[in-house]
Each structure stands twice: as C-alpha cells, then as structure tokens.
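> When you get a sec, could you give me coordinates for this:
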Amino acid sequence: MRRYSELKGGAIIFLFLLWSLWFFNFTTRIIFSPILPIIEDEFIVTHARASSIFTFQSVGYAATMILSGFYAGRIGFKRSIVFSFAVLGCACLSIPCIKSFSAFYIIVFVVGFSSGIFLPAVMPLIREHFSGEILGRTISMYDSAGAISIFSVPFIALLLLKYFQWRGIFSILGGVLLIIAMLFFLKGEELKVNHPHATVFRCLVTKKSLWVMVSLMSAMMGANLGIYYILPLYLTKELFLSIGYANTLLGISRLGGVGIAILCGFLVDRFSLRIITFVMIIVSGVLTIILGMSPTTLTGITLFLQALFISGIPPLLWVCMARLFDRETLSMAVGFIMPLSIMFGTGLIPYLLGLSGDLLSFRFGIIMLGVLLTVVSWLTLSLRELEPSS
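This next block holds a predicted model:
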C-alpha cells in the first residue's frame, strides 16, 4: 500500500477524496438541524420530540460503529465505506416518502446506522497512507470537512429551500451520496487487518486513556453538535428570530471554525498535543457558559467565539486517538469511543436541551453543558502518553 510522506500530488488527491467522504457523511447527519423548525411545525410536535430524532440517529450511529470497529478490518475498510454510503444514499432517497413523524425515527436510525460504519473504517486508512510526520496536518485537513459542513449546511439548506420543499433536499443528497460511493469504489485502495483477539479488547477497555477519551469526546460533541442541532429551535422559538436569520447566524458563527481546525492540526506537529487540547477544551467550556448567559443582542458574537474554539477540538482528539492506539486496535478503539460519545453527546444532550427548552429554557441547558465541558477538560492533563518522551 502506498504511503505518503509529503502532502502533495497523489497524497492531496487521495486526501481530498477522503475529505469529500467525511463532508457528505457529516452533512447527511446534520442537515436535519437547519430545517428542524419546519419539520416541527409541519408535524406539530414539541421541542423535545423534534430534538429526539437526533437521539434515534445517534443510537443507530453508535450501534453500527461498535460493529464496524470489530469487523471493518476483517471485511476490508474500503468495502465497509462503500457499503456505508450506498445504504446512506438509499435512506436519504426514502425520506420524501415520510407521512408521519413516527416514521422519522426509523429513517434517522437507518441514517445513523449507515453513517456509523465510516469512521472506524477511515481512520486506519489515514494512519496507513500518511506517515507520522504529517499525521497531525493530514487529520486536521481531513477533519476540516466537518467544520466546513457545519458552516455551509445552513446556507445550503436556505438555498435549496428557495427551489424545493424540505423533502427535496434529501432526494438531491441521496443521489450525491451514491455518486461519491461509486467514485471511492473506483479510486480507493483496500486495507485489511487481522481481527483482534478478545484478550486485546479486554486490555483495551482497561486502559484509563480510553475512558478519558470517551469523557472528552462526549462533552465536546454535546457542546459542538449537541448545541448546533438545537440552535435553530433556540433562536426561533425562544429568541423569536426568523428561520432565515437564525440559519444565517448559525452558518456565519461556524466560519472561523474552518481555519482553527486546520491550524490546530499544524500546531500539534510542533507543540504539546496534551496542553493544546486542554486549553482548547477549557476555553470552549467557559465560552459555552457565556453563550447561555448572553442577551439576544450579543448572542451572535458569543456564538461565533464558542464555535471558533469548539471547532478546533475534534482534529485534536482524532490525533490523540491515532497516537494512543496502535494499528491493530485503532479501529476497535474508535468503534468503542465514538458510540458512547455519540449516544451521549449528539443523542442524549440534544434531547435534554430540547426538554430544558420545554420545561425551563434553552439557556439553562446550555449553561449546564458549559459547566460539564469545563470540568472534564482537566482530564486531558492525565494523558501523559501523548508526550513525546512517554
């Protein structure tokens, strides 16, 4: 298998292909957020019930990540990714047929289930194709697809809503997913690894660093995507902004996150990954608290700052996982860390924020989430294995 030591030529082409896969995987899962107020009004459901579609999506996502972490290496990482996108595309194409809100639960579960195959399969591919000297930069550039998706999806939704009903968005997205699955099938290289023994898994789950990563990733996802999912509801239903203005604000607030995500990847190749990650998480926690306390007139500014720092954390945590776990256990570790993190961070937290909006206010839930993120940030300092000397 070809291994790249510099980010140029064929390395850039292959990285862009992986970037595209992550962008559309991410977009499919978060596209529900900017159109959630429309869905809520059409089906006449509560904030909590509308937000609960992310819970079902996260359960499906988490369930299949566990399976992917164990079996993607045996089946082949390329085959796993192609299968993931084929099912995901078909699921999106079925969404226009939904007539009752309850049917959403089934479809979003399938969307989550098919999406979850991707990450445990793609991370070993990245590690095998790119040398350690450029791994931080590679992962940050790859993961910028997530930040760019978060930034662009509200604008994509607004643009498409000018010409289509919300159901038409999924018809377009489903076709794109099937096309990119075919492109990766033709271009990507296959990689298999030996299936880890049960004893390897037992050793893995007893590692303190594994559970630290679960805690950090869970809180980060809640403060990042958990808030992102319910922001259109918060801005339109509690702050009484128009859906167009709310989605514009949501998108613009994520613009700075694109650059900071790439910058953090370059920094970790030169400075302490542990310290940089700690600083980014604790600052994000404080800014999340401030976001929940801000008056309406300052919400845009605080949202931009909070998104700026929280967007830099995902590539840092991916690099942490790539350094903490070896070739044979990385897929399994990702397939263990991510399901738990997703069930809590993008499944339970959006529901709790929606429930908070029904019973008290969205503000209260956001403040409590900021407190949680600030507290768990200190766990980062225990990851001494990340230091070069360890």
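> For the closest residue in space to Gly251 that isn't next to it in sequence, the count of nearby residues, please.
Spatially, and ignoring its direct neighbours in sequence, Gly251 is nearest to Pro154 (3.7 Å; CB to CB, 6 or more residues apart in numbering). Bear in mind the C-beta positions are built from the backbone N, C-alpha and C, glycine included. Neighbour count of Pro154, defined by other CB atoms under 10 Å: 28.
> Pro154 and Thr297, how far apart?
Separation of Pro154 from Thr297 (CB to CB, to the nearest Å): 21 Å.
> coming back round to it: what sits against the residue nearest to Gly251?
Pro154 makes contact with Ser33, Pro34, Asn247, Thr248, Leu250, Gly251 under the criterion CB atoms under 8 Å, 6 or more residues apart in numbering.
> Where does pLDDT dip in the protein?
1-5, 7, 68-74, 132-133, 188-201, 265, 269, 327-328, 331, 386-390 (pLDDT under 70).
> which one's the longest helix in it?
Ranked by residue count under DSSP state H, the longest helix found in the chain is helix 47-75.
> packing partners for that one?
On a contact count with 3 or more CB pairs under 8 Å, 6 or more residues apart in numbering; DSSP states H and E, helix 47-75 meets helix 36-43, helix 101-115, helix 118-129, helix 227-233, helix 330-342, helix 349-359.
> if you set the cut-off to 10 Å instead, what comes out?
helix 10-30, helix 36-43, helix 77-94, helix 101-115, helix 118-129, helix 227-233, helix 330-342, helix 349-359 (3 or more CB pairs under 10 Å, 6 or more residues apart in numbering; DSSP states H and E).
> Chain neighbours aside, what residue packs nearest to Leu355?
Ala48 (4.7 Å).
> what about that neighbour, distance to Glu40?
In terms of CB to CB, Ala48 sits 10 Å off from Glu40.
> what do the two both touch?
Common contact partners of Ala48 and Glu40 (CB atoms under 10 Å, 6 or more residues apart in numbering): Gly354.
> Show me which of those two is the more surrounded one.
Using other CB under 10 Å as the criterion, Ala48 and Glu40 rank with Glu40 on top: 22 against 18.
> how about that one, what does it touch?
Residues in contact with Glu40, defined by CB under 10 Å, 6+ apart, are Thr46, His47, Arg49, Ala50, Ser51, Ile53, Phe101, Pro232, Leu233, Thr236, Lys237, Gly354.
> and the gap between it and Val82?
From Glu40 across to Val82, the span is 35 Å (CB to CB).
> same check, this time on Ala121
For Ala121 relative to Val82 (CB to CB), the value is 10 Å.
> do the same with Leu383
Relative to Val82, Leu383 is positioned 34 Å away (CB to CB).
> do the same with Phe266
Phe266 is 31 Å from Val82, by CB to CB.
> which of the two has more neighbours?
For Phe266 versus Val82, the count of surrounding residues by other CB under 10 Å is larger for Val82: 22 against 14.
> Tell me which residues touch that one, please.
Going by CB under 10 Å, 6+ apart, Val82 touches Leu21, Gly76, Ile117, Ala121, Ile180, Ala181, Met182, Leu183, Phe184, Phe185, Leu186, Gly188.
> What's the PyMOL syntax to select whichever of those residues are buried?
Buried subset of these, written as a PyMOL selection, criterion 16 or more other CB atoms under 10 Å:
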select buried, resi 21+76+117+121+180+181+184+188
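> how about the helices of the stretch 201-350 of the chain, start to end?
Per DSSP state H, counting those that start in this stretch, the stretch 201-350 of the chain carries helices over the ranges 208-221, 227-233, 243-253, 255-268, 273-293, 299-310, 313-324, 330-342, 349-359.
> And these: which comes nearest Asp143?
Among the helices of the stretch 201-350 of the chain, helix 313-324 comes nearest to Asp143, with 4.1 Å by CB to CB.
> returning to what we had before: which pair in the contacts of Val82 has the greatest spatial separation?
Distances among those were taken as CB to CB; the most separated pair is Ile117 and Leu186, at 19.1 Å.
> Leaving out sequence neighbours, find the closest residue to Leu93.
Using CB to CB, 6+ apart, the closest residue to Leu93 is Gly174 (3.7 Å).
> Tell me the spacing between the residue nearest to Gly251 and Phe344.
Noted for Pro154: a distance of 25 Å to Phe344, by CB to CB.
> Also Leu173?
Here the criterion is CB to CB. By it, Leu173 lies 27 Å from Phe344.
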